[in-house]
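> Sequence plus the predicted model coming up.
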Amino acid sequence: MRSAEDTLRGVREHISPSLGMLYAINGMDAVEATGDGALVSLSDGRDAVDFGSYAVTLLGHRHPAVTAAVAAELGRMPTSTRVLANPATAALADRLTGYLDPGRLTRAWFGLNGCDAVEAALKLARAHTGRTRVVAVEGAYHGKSLGALAATWSERYRAPVRGLLGGVTHVPVDVGALDAAFADGDVAAVIFEPVQGEGGVRPLPSEFLDALVARAREAGAFVVADEIQTGLRRCGERSLAVAAGLRPDAVLLGKALGGGVLPLSAMVATEEFHRPLARDPFLHTTTFSGHPLCAAAGAAALEAVEEHAADGADLAERVERGLAELCARHPGLLRGARGRGLLWGLEAASPAAAGDLLMELGQRGLLLSPCLGEPEVLRLLPPLVTTPAQLDRAWQVLDEAAAKITPDLAVSGTAG
Ligand SMILES: Cc1ncc(COP(=O)(O)O)c(C=O)c1O
């Protein structure tokens, strides 16, 4: 096993000097060593409860059903020839189309990262309608590849490549502002996160989503629900958009879809939305789309998520209650908590206070994720498999760390 010192040197010298520094501070010179459920062990013997991992570990680390499925596929055919049909890939397509909105969302396309699914959906909407405009929502996060970045809101990521982006209108969360976005009759699709994740954990009001979808239908535009972070029961439902009756033309999944073991994303769509790909399956391909090893992880993950669904509902209630109590105890540092299910944002008094809190928590044994577009908000993403003892430990660490930080004196800015 490579030493912590060598690992941090490798990151610093060959990946990113500032990332290397940040990792060293967060880990107090230790690095991650093993993961098991909601627990991560570090190279120096300490361990930490993992309520972060950018929403990937909904099933925790190394969920046994997922690792077993991956091991079995490893012994069969981890990589596809792509000129022959692969059973693992087809099995995942069957499962996924029977999972979200059976009989309506009947077609699947697979990628590895969330932005792959976003790119596929935006390309299909354009190819289908012959129009180029996409309506997204202010505060949205849809990824950082060039097409997905066009739909992402944060200036921090858009500004350096502004000249290359176009064709996206961001609307404020205001029903009154929608008409103008559709006025030119050129909208191919609307894309939204039912709860904006990286943008600060903001659930979008149902009146707004209803109106957005209604305008899209009137305009003959497609409706794409980006549930890369919210889907798969992270927020209680398999898909929030489907459960809300929005009848999306495509639902995008990623992050937890690979079971916390492998990278996997998917676009699950109606036959109509998918039509350009049915006509020409090579219209949008990537070398590893539908990779059998990832597909095996995905199929096992879907089953495991359903097995843990009831535990998740119970855990979600306790998380909501605990966060309200925590905020009440630390009103100077914490402005409040908002979220749904197992996706919560904890808003600190400033980006610097959030950065200091993130670091303090990590050093005391609780890992959270910052919000990429809203640096004063930290995300709590407890896995479905969190034990009561791990949750108790998280509350204790949060309480102690919050007590340690004086918001006015916070100086670092590590979040974001
Ligand atoms: C809602 C949403 N869409 C898309 C993405 C992009 O996914 P990825 O980073 O895997 O490309 C993310 C990532 O955080 C996300 O939260």
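That came through, no problem.

> Now do residue 372, the pLDDT please.
The confidence metric pLDDT takes the value 84 at residue 372.

> Correct me if wrong: it contacts residue 149.
No - using CB atoms under 8 Å, residue 372 makes no contact with residue 149, being 11.8 Å away. From N, CA and C alone the C-beta is placed, and that goes for glycine too.

> Quickly list what's touching both of the two.
Residues touching both residue 372 and residue 149 by CB atoms under 8 Å, 6 or more residues apart in numbering: residue 157.

> who touches the residue of the chain found nearest the ligand in this structure?
Residue nearest to the ligand within the chain (CB to the nearest ligand atom): residue 114, separated by 2.2 Å. Residues in contact with residue 114, defined by CB under 8 Å, 6+ apart, are 142, 143, 148, 226, 228, 229, 252, 254, 255, 265.

> In JSON lines: those, plus pLDDT and distance to residue 6.
Below are those laid out as JSON lines (pLDDT from 0 to 100; distance: CB to CB, whole Å):
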{"residue": "142", "pLDDT": "97", "distance to residue 6": "36"}
{"residue": "143", "pLDDT": "96", "distance to residue 6": "32"}
{"residue": "148", "pLDDT": "95", "distance to residue 6": "34"}
{"residue": "226", "pLDDT": "98", "distance to residue 6": "38"}
{"residue": "228", "pLDDT": "98", "distance to residue 6": "34"}
{"residue": "229", "pLDDT": "98", "distance to residue 6": "33"}
{"residue": "252", "pLDDT": "98", "distance to residue 6": "38"}
{"residue": "254", "pLDDT": "98", "distance to residue 6": "32"}
{"residue": "255", "pLDDT": "98", "distance to residue 6": "30"}
{"residue": "265", "pLDDT": "98", "distance to residue 6": "32"}
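
> what distance separates the start and the end of stretch 198-212?
With CA to CA, to the nearest Å as the measure, stretch 198-212 spans 21 Å from end to end.

> That stretch vs the ligand: in contact?
Yes - using CB under 6 Å from any ligand atom, we find that stretch 198-212 touches the ligand at residue 198.

> Send me the helix or strand bottoming out on mean pLDDT in the chain as PDB with only the CA atoms.
Within the chain, confidence by mean pLDDT, DSSP states H and E is lowest for helix 155-158 among all helices and strands, at a mean of 90. Output of helix 155-158 as PDB, limited to C-alpha atoms (Å, rounded to 0.1, in the frame of the first residue of the first chain):
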ATOM      1  CA  GLU A 155     -20.100  31.800 -13.100                       C
ATOM      2  CA  ARG A 156     -17.100  30.300 -11.400                       C
ATOM      3  CA  TYR A 157     -17.200  27.500 -13.900                       C
ATOM      4  CA  ARG A 158     -18.700  29.300 -16.900                       C
END
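
> Break the chain down into its structural domains.
Split into domains by automatic domain parsing, the chain comes to 31-59+308-409, 64-307.

> Tell me which of these sits nearest to residue 21.
Nearest of these to residue 21, taken as CB to CB: domain 31-59+308-409 at 11.9 Å.

> Work out the gap between the closest one and the centre of the chain.
16 Å (CA atoms, centre = their mean, to the nearest Å).

> again, but for stretch 223-233
Averaging C-alpha positions (CA atoms, centre = their mean) puts stretch 223-233 8 Å from its chain's average.

> Next: stretch 114-129.
Stretch 114-129 has its average C-alpha position 18 Å from the chain's average C-alpha position, going by CA atoms, centre = their mean.

> same thing with stretch 53-67?
That offset, for stretch 53-67, works out to 13 Å (CA atoms, centre = their mean).

> Please enumerate residues in contact with that stretch?
So stretch 53-67 is contacted by 34-40, 50, 197, 229, 232-234, 255-256, 258-261, 297, 300-301, 303-305, 308, 342-343, 367, 369, 379, 381, 383-386 (CB under 8 Å, 6+ apart).

> Up against the ligand, what does the protein have?
Neighbours of the ligand within the chain, by CB under 6 Å from any ligand atom: 113-115, 118, 141-143, 193, 197-198, 226, 228-229, 254.

> Pipe those residues into TSV and attach secondary structure per row.
As requested, the residues of the chain next to the ligand are exported to TSV (DSSP: H, G, I helix; E, B strand; the rest coil):
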residue	secondary structure
113	coil
114	helix
115	helix
118	helix
141	coil
142	coil
143	coil
193	coil
197	coil
198	coil
226	strand
228	coil
229	coil
254	coil
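
> can you pull the buried residues of stretch 384-394?
By neighbour count on 16 or more other CB atoms under 10 Å, the buried set for stretch 384-394 is 384, 385, 386, 387, 390, 391, 393, 394.

> For those, name the two members farthest from one another.
384 and 393 (17.2 Å).

> mind listing the helices for the stretch 301-416 of the chain?
309-329, 351-364, 388-404 (DSSP state H, counting those that start in this stretch).

> which of these sits most buried?
Between those, helix 351-364 has the highest mean count of neighbours, a mean of 23, where neighbours are mean count of other CB atoms under 10 Å.

> what about residue 160, how many neighbours?
Residue 160: 9 surrounding residues under other CB atoms under 10 Å.

> show me what contacts the residue lying closest to residue 313 once chain neighbours are set aside?
Among residues not flanking residue 313 along the chain, residue 236 sits closest, at 6.6 Å (CB to CB, 6 or more residues apart in numbering). Contacts of residue 236 were listed using CB under 8 Å, 6+ apart, and they are 312, 313, 316, 340, 341.

> hang on, isn't the first one packed against residue 342?
If I follow you right, that is residue 312. Yes - the pair residue 312 / residue 342 is scored as a contact, 6.2 Å apart, by CB under 8 Å.

> Mind listing the shared neighbours of those two?
With CB under 8 Å, 6+ apart as the test, residue 312 and residue 342 both reach residue 384.

> okay, the helices of the stretch 301-416 of the chain in TSV with mean pLDDT next?
Output for the helices of the stretch 301-416 of the chain, formatted as TSV (pLDDT from 0 to 100):
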stretch	mean pLDDT
helix 309-329	96
helix 351-364	95
helix 388-404	97
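
> Low-confidence bits of the protein, can you list those?
Along the chain, segments meeting pLDDT under 70 span 164-165, 408-416.
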